[in-house]
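Asker: please work out how this folds:
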Amino acid sequence: MEENEIRPEAVFDQFLALAERDATRYFGGIPFSRIRCPACDSDDSVFAFHKRGFDYETCLLCETLFVNPRPGLDAFRRYYREAPSIRFWANFLRLLGEDGKERSQQFLADHGLISHIWMMVAQCR
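Answerer: Residues are numbered from 1 along each chain as shown. A predicted model of the protein is given here:
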């Protein structure tokens, strides 16, 4: 299975444009707090890179990459409940049907991404 089978480039480009606007709208100008590694709870991490308004760090113990500092859970909850980019992507997955959803989930699992996504979703509930 190829990546473009589950996320056509034009669709993903539209999602990224929406997500960039949403990041500014939902996370711009609010306080950010430093956190421990969300995977292993270590407080030993180093700066990795800056992207779209967020600093990313790598945990020195388990090598998890995560946003740090980051907005509070209320900001994430609001983003995942209200953001146009999230609605756009959810609607796209609905249009794919069950086969498309299964292929998307398999791609994420094959690339070790599914656990990170579910960890974030669980923290936002």
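Asker: let me see the domain layout of the protein.
Answerer: 1-30+72-125, 32-70 (automatic domain parsing).
Asker: so for the last one, mean pLDDT?
Answerer: In this model, domain 32-70 has an average pLDDT of 94.
Asker: adding mean neighbour count, write the domains of the chain out as a markdown table.
Answerer: In short, each C-beta sits where N, CA and C put it, glycine included. Output for the domains of the chain, formatted as a markdown table (neighbours: other CB atoms under 10 Å):
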| stretch | mean neighbour count |
| --- | --- |
| domain 1-30+72-125 | 13 |
| domain 32-70 | 14 |
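Asker: which stretches in the chain count as helices?
Answerer: 3-6, 9-27, 73-82, 84-110, 114-124 (DSSP state H).
Asker: which of those has the lowest mean pLDDT?
Answerer: Least confidently modelled of those is helix 114-124, at a mean of 46 by mean pLDDT.
Asker: ok, now how distant is the closest residue to residue 33 other than its chain neighbours from residue 61?
Answerer: The shortest distance from residue 33 to any non-neighbouring residue, by CB to CB, 6 or more residues apart in numbering, is to residue 69 (5.4 Å). The spacing between residue 69 and residue 61, counted by CB to CB, to the nearest Å, is 19 Å.
Asker: do the same with residue 14
Answerer: Distance of residue 14 to residue 61, given as CB to CB: 38 Å.
Asker: go on, residue 16?
Answerer: Distance from residue 16 to residue 61, by CB to CB: 31 Å.
Asker: next one: residue 54
Answerer: Taking CB to CB, one finds residue 54 at 21 Å from residue 61.
Asker: residue 8 now?
Answerer: 38 Å.
Asker: what of residue 80?
Answerer: In terms of CB to CB, residue 80 sits 28 Å off from residue 61.
Asker: quick one: contacts for residue 52?
Answerer: 20, 23 (CB atoms under 8 Å, 6 or more residues apart in numbering).
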